[in-house]
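In: Structure for the following, please:
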Amino acid sequence: QVNDNSSSSSSSSNNNNNAGSSTDPDVAIDEFVTALEETCSEENLKTINGIYKCHNKCQSHLCCFASDDDQAQEDCSYQRPAACSLYEPCKRLVNPSHGDQS
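Out: Predicted coordinates:
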């Protein structure tokens, strides 16, 4: 009976909310960007675990933010501008300079 309680509470997580919002792509995109912002926040990037989690979410789009000369040929930002703009928080992985926007 204790197992029944724990399984019912876990099944009543926010699965319903996600299913409802997935019909609206704008909401899904907003949720994705918000989650990415949190994962790749400057606070999280102060820890190895935070860097690891951010890199896992960002690795397919790191080419958007190629910074060094030797990575310039891998720059894909002009090929996928819409996708790259969504992954803007990943820029902190490549350019961790705080407050310097140049």
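
In: Other residues contacting the helix ranked longest in the chain?
Out: Ranked by residue count and defined by DSSP state H, the top helix of the chain is helix 25-39. With contact meaning CB atoms under 8 Å, 6 or more residues apart in numbering, helix 25-39 is reached by Ser21, Ser22, Asn44, Gly50, Lys53, Cys54, Lys57, Cys58, Leu86, Tyr87, Pro89, Cys90. Any C-beta I mention is one placed from the backbone N, CA and C, and that applies to glycine too.

In: burial of Ala82, as a residue count?
Out: Around Ala82 there are 6 other residues, counting by other CB atoms under 10 Å.

In: Need phi/psi at it.
Out: Backbone dihedrals for Ala82, given as degrees, to the nearest 10, come out at phi -70, psi -50.

In: Just the buried residues out of the contacts of helix 25-39, in ChimeraX syntax.
Out: In ChimeraX, selecting the buried portion of the contacts of helix 25-39, with burial taken from 16 or more other CB atoms under 10 Å, looks like this:
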select :44,50,53,54,57,58,86,87,89,90
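
In: Could you tell me which of the contacts of helix 25-39 are located in helices?
Out: Where the contacts of helix 25-39 overlap with helices, as defined by DSSP H, the overlap consists of Ser21, Gly50, Lys53, Cys54, Lys57, Cys58, Leu86.

In: For this structure, give me the ranges with low pLDDT.
Out: By pLDDT under 70, the weakly predicted segments of the chain are 1-23, 67-73, 96-102.

In: now with 50?
Out: When the per-residue scores of the chain are filtered using pLDDT under 50, the ranges that remain are 1-21, 99-102.

In: Contact partners for Glu74?
Out: Contacts for Glu74 (CB under 8 Å, 6+ apart) come out as Cys63, Ala66.

In: Can you point out the buried residues in stretch 76-96?
Out: Cys84, Leu86, Tyr87, Pro89, Cys90, Lys91, Arg92, Leu93.

In: farthest pair in the ones in helices among the contacts of helix 25-39?
Out: The largest separation in the ones in helices among the contacts of helix 25-39, counting by CB to CB, is between Ser21 and Gly50 at 26.0 Å.
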